[in-house]
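**Q** Compute the structure for the input listed below.
(2 chains)
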Amino acid sequence: MGEVDEVIRIESDELDVKKIMEDIQRRVDSYPRATQYQELSSEELEELGIPEGEFYEDPLHELSAVIQLARTFSEVTGEYSVATRKPLIGPLVVLVKKVLRRFMRVYMDAVFVQQREFNRKILDAMERLHELILRERSMLNPGRLDRAAFFERWGEDFEEVVSRMEAIVELFPPDKEIINLFSGRGEFLKACGGKGRRAKGVEGDERLVAACQTRSLPVMNLDELVFLEKTLTSSLEAIFIYELGERMGPLQLRYVVSLLGEKMAPGGLLILLNHFPTSLFGGEAAYRDPTILRLIHPQALVFMLEEMGFASVQWRHFESGEESKDKEIEDLLQMAERMERERPDLGTALRELVAPSFYLVQARR
Amino acid sequence: MVGQGTIAFVPVRYGDGVVGGAETLVRNLAEALHFRGWAVEILTTCVLDHYTWANYFPTGEDNVRGITVRRFPAQGLKVDRKFVKLARSIQEGRGISVRREKYFLSQGAFSPQLNEYLRENRESYRAFIFAPYLFGTTYFGSQAVGDRAMIIPCLHDEPYARLKIIGEMMRRVRGVLFNSYPELLLAKRLYGDDLPGWVVGMGFEDVHGDAWRFRARFGIEGDFILYCGRREIAKNTPLLIHYFCNYLLNTGRDLKLVLTGAGRVDYPQAFRGRIIDLGFISEEDKRDAYHAATLICHPSTNESFSIMILEGWLAKTPCLVHADCAVTRYHVENAQGGLWFGSYPEFHEALELLVKDKELNRKMGECGRSYVLRNYSWDRVVGAFERALEESGL
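**A** Okay, here's the model as predicted:
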């Protein structure tokens, strides 16, 4: 017998799974089993009807389930089992059935060959369809676009973004720890550090996390969605997100907003900073970044936040120190003002075209 | 030791699309050795699917990610009346003669051509590593190469492990490579303390996954339990589905069960919106799923290693395992990475805790990850493999 190493055991001051299991056992013993832990048999579960309104959340799930089932039944064969329950003449019945099966096989197999071929083709088609849907969805998903590589080569100047963030830090109550979801390179965290504010970043991209860590910025390497899911309900008091929803699809955005609604404490403050979609400057900045998939109109964000239970949701244009207006823009704004008196639609359009690059949303839970 | 002769792995199946714990383990170990400069070859059958045992891959030489694979036709599973009767006798623990045990193994996945190749070329290889234990390829193949045979048995506590010829094979070969310490203890209990055995296992790469990508691709929101692998009675998946449905009825909680892998899944139609069967998914999708899952449940009572829970831990996802499985419970107790259940009430309470207590869930996930990184790095595993070869004199 060779030398045997047992594994290295993980010791944790806060965790003892054996003790947790003892607690579970005590709880199980103390509750009446019949009421707390009703256990229906498999047959009883089968007899339950489909509840009203219960459906597949996503048609893809149904397609997936049907493919699995079809695969099970696609191989049609004449080799079925022969049996009987008749006690005395049973063996004779089985023999007759087997003889019949043998003689019928020639005719049955001719049909089954076609049926099997048909089943195979149909199953193939279903599988291709399934693959196509997955491929289309992957193309819509930002997970494959490399933010770290883009930021490194073409990203905005780090310090410039930090100075943009400084004004936002001031909006949060001084005694609260700010969670910066999708913290990216850590510009907001740096701004918080400069003002002596407690903040923690959450970022799923390992290379961006590593970049933050080289700057000694406090960041957790955790998928942002997982962070929200694993956070206690009504526990987050201050959250800042930069470019929320601009790198994800509408369903994901809706899910994140619903999680924010669930996890933020009553009265908690959420601040978002996004590109203003109708601004020439905002559009130019956003579309230069290939990892940004779409821009969100401020009214759309306000609507979603209110739907998820946020109160006093407000948005406004955000002008940071770096965006000092030059004379030409001032002239355009004055022109817009004049135009609004005669053609309000054109005047508003012109004003929005030269609006600042970003808008800011503030919402309270 | 690198370069001193070729190591031949002899799994029953090998190649892209092959599903199974032992097969994954062999593939990963062979590739890890190959990438570290060892001379490695695969000698296997043409089988892809372990349900039909039909020859799928072409016979002859192939190259899979730089490793030479030689495939030989399998004679296929012969399920005749005698075979079924023998299988039933073994499962019921009734002793059968050695001659019948050999007949039983020869009817399963076995390739006479592969055996012939092994016999003729035994001197050309430094060692032959067979896996897993209950196949004709392993039993007859290890006889063909004599004292150059080692086995990765992937041993379970099951009636087949008590066959006389299996005990004889375990003691006959040069060494037995186990995946975990409890598996080694089981082997000692079954075959004697003097069994030449080492714990080697499998290493894990710390590969990044993307929970967002998984949710976007498969349209899955909210908390969910994940099970990846073969869906069959032997893996206890019907029990998981049964307990999960009862849990939903008792709690009304908005939780889903996501199943991936091969095999048929039957579930009550009342829960069709809550049980999502994704079938076979790619490695990348699986890694993403580990990141997105709230927890992983492995209800099997017969595991020799459990790749699923270790991969889940790498993604900081805790697990729920069956109390009667020595191996998964050993991992969980040592990693502090999850909980276990032996009955429905325990399943109910443990699941409640893992779903509701997010802080506990996070801590267990982190402990699990530390456990995998510290115990199952490839350097550590390859080191253990090398030491086993040296100590066995190969």
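**Q** helices and strands around the longest strand seen in chain A, which ones?
**A** Across chain A, the longest stretch assigned as strand under DSSP state E is strand A:264-275. On a contact count with 3 or more C-beta pairs under 8 Å, 6 or more residues apart in numbering or on different chains; DSSP states H and E, strand A:264-275 meets strand A:236-242, helix A:280-287, helix A:298-307, strand A:358-364. To be clear about C-beta, it is placed using only N, CA and C from the backbone, and glycine gets the same treatment.
**Q** Can you tell me which of those is most buried?
**A** Stretch with highest mean neighbour count among the helices and strands packed on strand A:264-275: strand A:236-242 (a mean of 23; mean count of other C-beta atoms under 10 Å in any protein chain shown).
**Q** which one of the helices and strands packed on strand A:264-275 lies closest to chain B?
**A** Chain B lies closest, by C-beta to the nearest C-beta, to one member of these: strand A:236-242, at 11.8 Å.
**Q** Contacts for that closest one next, please.
**A** Residues outside strand A:236-242 that contact it (C-beta atoms under 8 Å, 6 or more residues apart in numbering or on different chains) are A:165, A:168, A:172-173, A:176-182, A:184, A:187-188, A:260, A:263-265, A:267-274.
**Q** would B:Val258 count as being in a strand?
**A** Yes. B:Val258: assigned to a strand according to DSSP: H, G, I helix; E, B strand; the rest coil.
**Q** ok, it - how many residues close by?
**A** 22 (other C-beta atoms under 10 Å in any protein chain shown).
**Q** unless I'm mixing things up, it is touching B:Asp223, no?
**A** No. If you go by C-beta atoms under 8 Å, B:Val258 and B:Asp223 don't touch, sitting 10.6 Å apart.
**Q** Show me which of the contacts of strand A:236-242 are buried.
**A** A:165, A:168, A:172, A:176, A:178-182, A:184, A:187-188, A:260, A:263-264, A:268-274 (16 or more other C-beta atoms under 10 Å in any protein chain shown).
**Q** on contacts alone, who are the packing partners of the helix or strand where A:Leu253 lies?
**A** Here A:Leu253 sits within helix A:250-263, counting by DSSP states H and E. Helix A:250-263 makes packing contacts with helix A:224-229, helix A:298-307, helix B:211-218 when contacts are defined by 3+ C-beta pairs under 8 Å, 6+ apart.
**Q** weakest of the helices and strands packed on strand A:264-275 by average pLDDT?
**A** Ranked by mean pLDDT, the helices and strands packed on strand A:264-275 bottom out at helix A:280-287, which scores a mean of 88.
**Q** And for that helix, what's in contact with it?
**A** Outside helix A:280-287, the residues that touch it by C-beta under 8 Å, 6+ apart are A:156, A:246, A:275-277, A:292, A:295, A:323, A:353-358.
**Q** switch the cut-off to 10 Å
**A** Identification of contacts with helix A:280-287 by C-beta atoms under 10 Å, 6 or more residues apart in numbering or on different chains yields A:156, A:243, A:246, A:274-277, A:279, A:292-295, A:317-318, A:323, A:329, A:352-359.
**Q** Check stretch A:18-29 too.
**A** Contacts of stretch A:18-29 from elsewhere in the structure, counted by C-beta under 10 Å, 6+ apart, are A:16, A:36-37, B:323, B:332-333, B:336, B:338-350, B:352-353, B:357, B:360, B:364.
**Q** how about 8 Å then?
**A** Outside stretch A:18-29, the residues that reach it (C-beta under 8 Å, 6+ apart) are A:Tyr37, B:Glu333, B:Leu339, B:Trp340, B:Ser343, B:Pro345, B:Glu346, B:Glu349, B:Ala350, B:Leu353, B:Leu360.
**Q** excluding its backbone neighbours, what's nearest B:Thr328?
**A** The spatially closest residue to B:Thr328, leaving aside those adjacent along the chain, is B:Val321, at 3.8 Å (C-beta to C-beta, 6 or more residues apart in numbering or on different chains).
**Q** partners of whatever helix or strand that neighbour lives in in the sheet?
**A** Assigned by DSSP H and E, B:Val321 belongs to strand B:319-322. With DSSP bridges as the test, strand B:319-322 is paired with strand B:295-298 (parallel), strand B:338-341 (parallel).
**Q** what about residue 251, neighbour count?
**A** In the absence of a named chain, this looks at chain A. Neighbourhood size, A:Leu251 [other C-beta under 10 Å]: 14.
**Q** Chain B, not that one
**A** Here the number of neighbours of B:Thr251 (other C-beta under 10 Å) works out to 14.
**Q** Could you do the one 5 residues further on as well?
**A** Using other C-beta under 10 Å as the criterion, B:Lys256 is surrounded by 22 other residues.
**Q** who touches it in this structure?
**A** By C-beta under 8 Å, 6+ apart, the neighbours of B:Lys256 are B:Ile220, B:Gly222, B:Asp223, B:Phe224, B:Ile225, B:Arg274, B:Ile275, B:Ile276.
**Q** would you list those in JSON lines and tack on distance to B:Tyr56, neighbour count and secondary structure?
**A** As requested, the contacts of B:Lys256 are arranged in JSON lines below (distance: C-beta to C-beta, whole Å; neighbours: other C-beta atoms under 10 Å in any protein chain shown; DSSP: H, G, I helix; E, B strand; the rest coil):
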{"residue": "B:Ile220", "distance to B:Tyr56": "31", "neighbour count": "22", "secondary structure": "coil"}
{"residue": "B:Gly222", "distance to B:Tyr56": "38", "neighbour count": "14", "secondary structure": "coil"}
{"residue": "B:Asp223", "distance to B:Tyr56": "38", "neighbour count": "18", "secondary structure": "coil"}
{"residue": "B:Phe224", "distance to B:Tyr56": "33", "neighbour count": "20", "secondary structure": "strand"}
{"residue": "B:Ile225", "distance to B:Tyr56": "32", "neighbour count": "23", "secondary structure": "strand"}
{"residue": "B:Arg274", "distance to B:Tyr56": "35", "neighbour count": "20", "secondary structure": "coil"}
{"residue": "B:Ile275", "distance to B:Tyr56": "30", "neighbour count": "22", "secondary structure": "strand"}
{"residue": "B:Ile276", "distance to B:Tyr56": "28", "neighbour count": "25", "secondary structure": "strand"}
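**Q** Kindly indicate which of those residues lies nearest chain A.
**A** Nearest to chain A among the contacts of B:Lys256, with distances taken as C-beta to the nearest C-beta, is B:Ile276, at 4.9 Å.
**Q** I figured that closest one was touching B:Thr260, is that so?
**A** No. B:Ile276 lies out of contact with B:Thr260 (C-beta under 8 Å); the separation is 9.3 Å.
**Q** Which helix or which strand is home to residue 130?
**A** If you meant another chain, say so; for now it's chain A. Assigned by DSSP H and E, A:His130 belongs to helix A:90-140.
**Q** Can you look at chain B instead?
**A** strand B:125-131.
**Q** Can you tell me which helices and strands that strand packs against?
**A** Applying 3+ C-beta pairs under 8 Å, 6+ apart, we find strand B:125-131 packed against strand B:6-11, helix B:21-35, helix B:136-145, strand B:149-151.
**Q** so what's the residue positioned nearest the centre of chain A up against?
**A** In chain A, the C-alpha nearest the mean C-alpha coordinate belongs to A:Gln252, at 4.6 Å (C-alpha atoms, centre = their mean). By C-beta under 8 Å, 6+ apart, the residues touching A:Gln252 are B:Trp212, B:Arg215, B:Ala216.
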